[in-house]
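Undergrad: Take a look and give me a structure for this.
(chains A and B)
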Amino acid sequence: MIDTVTVMFSVNGNDVSAAVEPRTLLVTFLREHLGLTGTHIGCDTSQCGACVVHLDGRSVKSCTMLAVQADGQAVTTIEGLGTPEKLHPMQAAFNENHGLQCGFCTPGMIMSAVDFAQGNPSPTPHEVREWLEGNICRCTGYHNIVASVEAGARAMAKA
Amino acid sequence: MGLMSQPIRRTEDGRFITGRGRYVDDVKMEGAAIGYALRSPYAHAKIMSIDVEAAKSAPGVIGIITGAELEAAGIGHLGAAFPASFLKNRDGTPRVDGDRALLTVDYVRYVGEPVAFVVAESLNAAKDAAEQILVDYEELPAVGLIDEALDPGAPLVWPQAPGNIALDWAQGDEAATDAAFDRAAHVTRIDLVNNRVVVNSMEPRGAFGTYDKVTGQYELYATSQGSHPIADTIAKRILRIPPERLRVITPDVGGGFGLKMSTFAEYPLVLIASEKFGMPVKWMSERTEAFQSDSHGRDLKSHAEMAFDAGGRILGYRIKTDFNLGAYGLGFGPGIQSVVPMFVVGGVYKVPVVYNHVRAVFTNTVPVEAYRGAGRPEAAYIIERIMDLAAREMGLSQDEIRLRNFIQSHEMPFRSYVGAVIDSGDFQRNLHDCLRQADWAGFPARRAEAEKRGKLRGRGLAYYIEKTAGGASAVVISFTPAGRVEVGVGTSAHGQGHETTFAAIVADKLGVPFDSIDLIQGDSIRAPWGGGTGGSRSLWNSGNGILKAADAVIDKGREVAAALMDTAQDAITFEEGAFRVHGTNQFLPLLEVAEAARAGSKLPPELKARLEKGLDSSGTHEEKGDTFPNGCHICELEIDPDTGKVSVISYDVVDDFGFVLNPLIVAGQVHGGVAQGIGQALLENCLYEPGTAQLLSGSFMDYTMPRADDLPSFGFTYNEILCTTNPLGIKGCGEAGTVGAAPAVMNAVLDALWDKGVREVDMPMTALRVWETLQRAAAKAAV
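TA: Numbers count the residues shown, from 1 in each chain, chains lettered A, B, ... in the order given. The predicted model follows:
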């Protein structure tokens, strides 16, 4: 029998309590235990950023921390950011500026971009590119992602 | 104004930006087990024995499948897509592909080749158990690099392929080409390495299989670029079952770039495991595993020679290429450097004679197959590098040498020496537009300014052409009782936005609301047959097919509308989504006619019997006629001589894709394609260790993917010079960016370093390699 520990935290505003193997990564917990499959796994070395979520409002790579390390904190995933009916301004900006193609890196991109834009209402393209260094996209060449983040940041500042 | 040619925002985005996409790894099934592939740590070894007993009883293990068991069960093997008769050696003898079992039995021939498939309750349990499988390997000498494999006396990957030559192929007239060189005023020669790259779609490969023992039906969810080819391969070649017993579903797919065209061993393995163990079985590749087990791209060495007359006009072109096939000829592998690019080796130029000699070389590496462009970026790389060098040698400008040799638009349709019939294009205009867009004339001032900052500034130009079209993917338009229009296609989008672009065609053509249209794709049972999406030809296939199917809908609808409105068929016109009685104000909307036809009760008995499926119609675009996307790329970059770092400052493209259906999506395709070309030219490199064929670049820690801060924003415009060989007038845009980018970047690198005495540059020009190149040039100058 594998030992488990109990974790308690909030995910997208809902309280969650579960017994998990101590080695369970936060991303695995979100995807497998909670069924929140919007957070993706694109690598195994914490390079790609497809798994970025917010922990108490700051972006983290959820493959780089254990579920138990989130104990007592507030986790927000892409599913908690906005809904198809009521998009977050950053989500809307990615649609408007064609900031995605296959969509696999997109949740991580958006979660990372929202954290960035919170402190940068009118970023330069250079600042966006520097920030996004930890998120890999193979489809877009980043051109439209940068445009999306610039537009999303402006829209967030206005909202 | 219609939707076609408008930058419509994508329908599919809604689910992706809210985390509601459904990729293979998101598919959930009750009681599913996890599969894990135990892979070879050796590049070449004989398997003396495999002992799975201890592993079988490890905690959480459900069972283990080995190759011996599959052989005993009569499971078939993987293979190449090209029949032996279609692609053979230049002397007429058959090529060698090797023989690839799903799980190897006697030998392993590359690091990462699967040896056993463990099925367990969790991934961790499967991995723990895999460590307890005892494989007794007798290690053998291995070759990973082209030069190693071609070395006389090199160990053979396959005994039936002496010298490790899998294919010895050629096109063109050798004697006539030699004769052209004999009368040349100038000959330019170049040796080029086209580095090996890893595809690295952000979603790794994955498969989820079920077997229903009551019905005997298999169902497979796979990360693919087309369900039908994979279903065909698995049913006919591997499981040897009637095709109707297997359904392959391709859900959302996180990028393909050629990788996901092929059937990989793990896909049938999850089906076999599901049948054997009585539960759904999922396998998802991890990234490190992907580096070892995904097919790779490129990896070739070429020597090219171009003969010119005294006026800088091409007389003949000679190429000798050796490409790394890996350990097996699988999928499109043997054709990537041979038959796939054969019609564009001469580029956009009037090349009177060509001799192109290509050899596929076996090595102890993972098989090399399609990667965005598949052979055409390689062909463009060779000819655009040699043209650049020839211009320097003959003292011509980069635009002048091209202008002197371009096929002219008034000469089209132009039958090239290599057999391509280029229907349309205006290379001169695109070149001029791109020179203007990139402010080519203002470069000397920018270079001088950069020099003041201690930077070496260079510019590079490339003019690419590719050939697409072909294959026949069907389209079915059908009308549902709920009033929706379903469009079934045999193509399969994985980022290209077909839900949006195809719906725009249907909406314009049939006048039905854009949001009433549902695209049915990626399903070997529900969607009509098709070759999937690859080779920049989905719009050629499905777009033109939609026009045909829609015409059939309108023809049937006219008949039904005439009956419903009690008039003659020739009195009916179809405009703005409605059938109208000419000269009256009587009309019926298409969707109403479709519903009446589906229900049938108001139709005359003869018509009702004839239109058993109402207005539902199919269409397949099968007309011959290739398309030739082409365009001009200009790259400007700066090099820091102290660190070797290359910074791409600006990147301009002027393309001709024929009719542009959605400018927003087309621009996105070009951006992404260019990024992959820049990545290959400056950053990416897949390395196998000399002597051992161990994979050195096996993770994102060791393999440099282009990131946001490595790339510039792109300047992209286009000239719509309609293709004359298909009704939509389209040429295809998916691969184009990648085809043009590598030579433009490398020509710019050489330009930046030329005055420092550098004459040879090979991809990838990483900071280290640039710095070393500069040091060598400086040392040489000092002597």
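Undergrad: Spatially nearest residue to the residue of chain A found nearest chain B (excluding sequence neighbours)?
TA: Chain A approaches chain B most closely through A:G38 (1.9 Å), counting by Cβ to the nearest Cβ. In this view, the C-beta of every residue, glycine as well, is placed from N, C-alpha and C. Nearest non-adjacent residue to A:G38, counting by Cβ to Cβ, 6 or more residues apart in numbering or on different chains: B:G19, 1.9 Å away.
Undergrad: Return the residues in contact with that neighbour.
TA: A:36-39, A:77-79, A:81, A:107 (Cβ atoms under 8 Å, 6 or more residues apart in numbering or on different chains).
Undergrad: could you pull out the strands for the stretch 51-200 of chain B?
TA: Listed in chain order, the strands of the stretch 51-200 of chain B (DSSP state E, counting those that start in this stretch) span B:61-66, B:107-108, B:114-120, B:134-139, B:165-172, B:186-198.
Undergrad: State the number of residues packed around residue 109.
TA: Picked chain A for this. Residues lying near A:M109 (other Cβ atoms under 10 Å in any protein chain shown) number 30.
Undergrad: other chain: chain B
TA: Using other Cβ under 10 Å: B:R109 sits among 27 other residues.
Undergrad: Find me the pLDDT at the nearest residue to it once chain neighbours are set aside, would you?
TA: Using Cβ to Cβ, 6+ apart and skipping the chain neighbours, the partner closest in space to B:R109 is B:A327 (3.7 Å). We have a pLDDT of 98 for B:A327.
Undergrad: before we move on, what about the one 3 residues further on?
TA: The predicted structure scores B:L330 at 97 on the pLDDT scale.
Undergrad: Identify the residues contacting it.
TA: Going by Cβ under 8 Å, 6+ apart, B:L330 touches B:78-80, B:97, B:100, B:262, B:295, B:367, B:369.
Undergrad: go with 10 Å
TA: Contacts here follow Cβ atoms under 10 Å, 6 or more residues apart in numbering or on different chains; on that basis B:L330 touches B:78-81, B:97-98, B:100, B:262-264, B:295, B:366-369.
Undergrad: May I have the phi/psi pair for it?
TA: phi -120, psi 150 (degrees, to the nearest 10).
Undergrad: Check whichever residue of chain B sits closest to chain A and give its pLDDT.
TA: Of all residues in chain B, B:G19 sits closest to chain A, at 1.9 Å by Cβ to the nearest Cβ. pLDDT, B:G19: 98.
Undergrad: pretty sure it is in a strand, no?
TA: No: going by DSSP: H, G, I helix; E, B strand; the rest coil, the assignment for B:G19 is coil, not a strand.
Undergrad: Need the mean per-residue confidence for stretch B:146-157.
TA: On average, stretch B:146-157 scores 98.
Undergrad: Could you confirm B:K46 falls within a helix?
TA: No: counting by three-state DSSP, B:K46 is not found in a helix; it is strand.
Undergrad: check contacts around it.
TA: With the criterion set at Cβ under 10 Å, 6+ apart, B:K46 makes contact with B:106-108, B:136-140.
Undergrad: Which strand residues bridge it?
TA: Counting by DSSP bridges, B:K46 is bridged to B:Y107, B:E138.
Undergrad: low-confidence ranges in chain A?
TA: Applying pLDDT under 70 to chain A flags residues A:1-2.
Undergrad: Longest helix in it, by number of residues?
TA: helix A:143-158 (DSSP state H).
Undergrad: excluding its backbone neighbours, what's nearest A:G13?
TA: Per Cβ to Cβ, 6+ apart, closest to A:G13 is A:G80, 6.6 Å.
Undergrad: So what touches the helix or strand hosting that neighbour?
TA: Here A:G80, judged by DSSP states H and E, is contained in helix A:78-81. Around helix A:78-81, the neighbours that count as contacts under Cβ under 10 Å, 6+ apart are A:10-14, A:30, A:34-40, A:52-54, A:74, A:87-88, A:90-91, A:106-111, A:114, B:16-21.
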